[in-house]
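> Here's my sequence, what's the structure:
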Amino acid sequence: MAFQQGLSGLNAASQSLDVIGNNIANSSTVGFKASQAQFADIYATSLNGVAGNQAGIGVSVSTVQQTFSQGSVTTSSNPLDIAINGNGFFRVYNDNQVQYTRNGQFTKDANNYIINAQGAQLTGYLADSSGKIIAGQPVPIQIDVADMKPNATTTISTEVNLDSNDAQPTTVPFNADDPTSYNLQVPTTVYDSLGNAHVLQNFYVKTGTDASGEATWDVYQGIDNKEVTAASAASAAQTDPSSITARAAYQAAVTAVPLDATAVQAAALSYAQAAGAAVLAAATTAGASVAQQNAISASYGSTNTATLQGLTPDAIDVAIGDTVEVPAVKAGSLIFTTTGTLDKTAMLAATPSQAVPFTITVPIFPATGANASLPISLDFTGSTQFATSGSEKATSQDGYAGGSLTSFSPDANGLIVGSYSNGKTRDLAQIVMANFADPNGLTPLGNNVWAESSASGTPTLGTPNTAGLGTLVPSAVESSNTDLTAELVNMIVAQRAYQANAQTIKTEDQILQTLVNLR
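Modelled structure (predicted):
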């Protein structure tokens, strides 16, 4: 029996050394979980079923159990390296099989999938074109590298302080080209339907103080250094049927083969006459003076062929538009209480259609393919009239230019956020994690991955930092949880156990040899 005990001890010590050696070998493996050999003693059952005082018959390795304790988190230079801090596993898809891993060393492949070194694809939820995450069955995460579409400005929220000590302007009426006709000008960048940037200017004109002490300020707008009402008149050619027809004729002339320069010039002149007539009519309706009407007439027609020589319709629009001057129309009026805050009730009572927020329509001129007008809701909530210098306090608007994807990275909650060349960000995907009732029941597959088994139970899926799942640490990895110091001590213990069991066999051999020598 001693031979059997010694042999079982040798075998157990050998297996323990195997486990220790594997732990040590993987001490630098990212996401590795160390294992521990667990032993059980062996007893032979007596024939009569009665337990006696017999010695055991040795030892066996009952299980090799992995320890799913947290490894240390260390930073890395790869933005797609992700460490799990807490419970859970990454869910990856490889060779038509769902696998689970703690190794978060990921990269992007040629097809824009996020993969690990073995080519397994990280899974999660994808986002639509607006950045909304669409939850459902997790799928391999493929980064959408399409450009972000531009967004036209629809709302502007601005807070300004208007100096209560300001006097009314000396020049009346308001003229965007005359600084003495207004008290303050504040520019804001807005975007048309194609993402082109334009400068919207808000002009503030103090118009007086009533008997109760409330002050009124009129608000006017300009677009790209042109007062809005004048710009609206100048843009009339963009919607005029005759101008549209003449522009199409010009396009046909410049694309004709062979090119006829005389025909191109004639088409440009025809467009100038149609556009000029449309602008003149709009300016007259808007109240342009005779002198202003004459200035518009002088910018087009057969009398100025030399001026129009070689100009395109867009350039003709600008040439005509530069001469348009009409009486300005205010967008609305701001009324301030004696404590310097907006009196929205008084504003609504005075002119219901001009209560905050104002609704303005900004012409885009020339439109060059964009929508010809830009409806904007202009909110002045939070504006004040204090005895300090007039200035802009805060302004935000919801428009932006188009942009291309420049980089992307995950955050602590597993959202993969894309950064674009226009300065905007958009959610691209959501990493999904998995957890198990018994992680020790997972089946190890090598390459630092596990598979679900009946012992582990079915996975519980969720997003990081929810339902007991850990958080993610971007640009970091989880180191192996192997404790080298402890493993080296365990190696010494296992070695001593091996030597002691060998000594048991040696001693038993000597006893048997003595018996054999008895004659």
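> What residues are recorded as beta-bridge partners of the residue nearest to residue 445 when sequence neighbours are not counted?
Take residue 445 and drop its neighbours on the chain: the residue closest to it by CB to CB, 6 or more residues apart in numbering is residue 451, 5.5 Å away. (C-beta placed from N, C-alpha, C; glycine too.) For residue 451, the beta-bridge partners under DSSP bridges are residue 443.
> could you measure residue 451 against residue 245, distance?
As judged by CB to CB, to the nearest Å, residue 451 and residue 245 stand 70 Å apart.
> Please tell me how far the lengthiest strand in the chain is from the chain's geometric centre.
Determined from DSSP state E, the single longest strand within the chain is strand 197-209. Averaging C-alpha positions (CA atoms, centre = their mean, to the nearest Å) puts strand 197-209 34 Å from its chain's average.
> What pairs with the helix or strand that it is followed by, parallel or antiparallel?
Using DSSP states H and E, the helix or strand that follows strand 197-209 in sequence is strand 215-223. Here strand 215-223 has these sheet partners by DSSP bridges: strand 197-209 (antiparallel), strand 226-227 (antiparallel), strand 332-336 (antiparallel).
> which residues are in contact with the shortest one?
What that stands for is strand 226-227. Strand 226-227 has contacts (CB atoms under 8 Å, 6 or more residues apart in numbering) with 175-176, 220-221, 234, 321, 328, 365.
> the longest helix in this protein is where?
For the chain, the helix that runs over the most residues, judged by DSSP state H, is helix 484-517.
> list the helices and strands that one packs on?
Contact partners of helix 484-517 among helices and strands, from 3 or more CB pairs under 8 Å, 6 or more residues apart in numbering; DSSP states H and E: helix 2-25.
> can I have stretch 246-258 written out in CSV, keeping just the CAs?
In CSV, the C-alpha atoms belonging to stretch 246-258 read as follows (Å, rounded to 0.1, in the frame of the first residue of the first chain):
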residue,chain,number,x,y,z
ALA,A,246,-31.8,81.6,-67.6
ARG,A,247,-29.4,79.8,-65.2
ALA,A,248,-30.2,76.4,-66.8
ALA,A,249,-29.6,77.9,-70.2
TYR,A,250,-26.2,79.2,-69.0
GLN,A,251,-25.3,75.7,-67.7
ALA,A,252,-26.2,74.2,-71.1
ALA,A,253,-24.0,76.8,-72.8
VAL,A,254,-20.9,76.1,-70.7
THR,A,255,-21.2,72.3,-71.2
ALA,A,256,-21.9,72.4,-74.9
VAL,A,257,-19.4,70.7,-77.2
PRO,A,258,-17.8,72.5,-78.9
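> want to try TSV for the strands paired with strand 215-223, with mean pLDDT, distance to residue 292 and mean neighbour count as columns?
Shown next, in TSV, are the strands paired with strand 215-223 (pLDDT from 0 to 100; distance: least, CB to CB, whole Å; neighbours: other CB atoms under 10 Å):
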stretch	mean pLDDT	distance to residue 292	mean neighbour count
strand 197-209	95	20	18
strand 226-227	92	12	23
strand 332-336	92	25	22
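> what about the residue lying closest to residue 249 once chain neighbours are set aside, distance to residue 254?
Of all residues not flanking residue 249 in the chain, residue 267 sits nearest, at 5.1 Å (CB to CB, 6+ apart). With distances taken as CB to CB, residue 267 is found 8 Å from residue 254.
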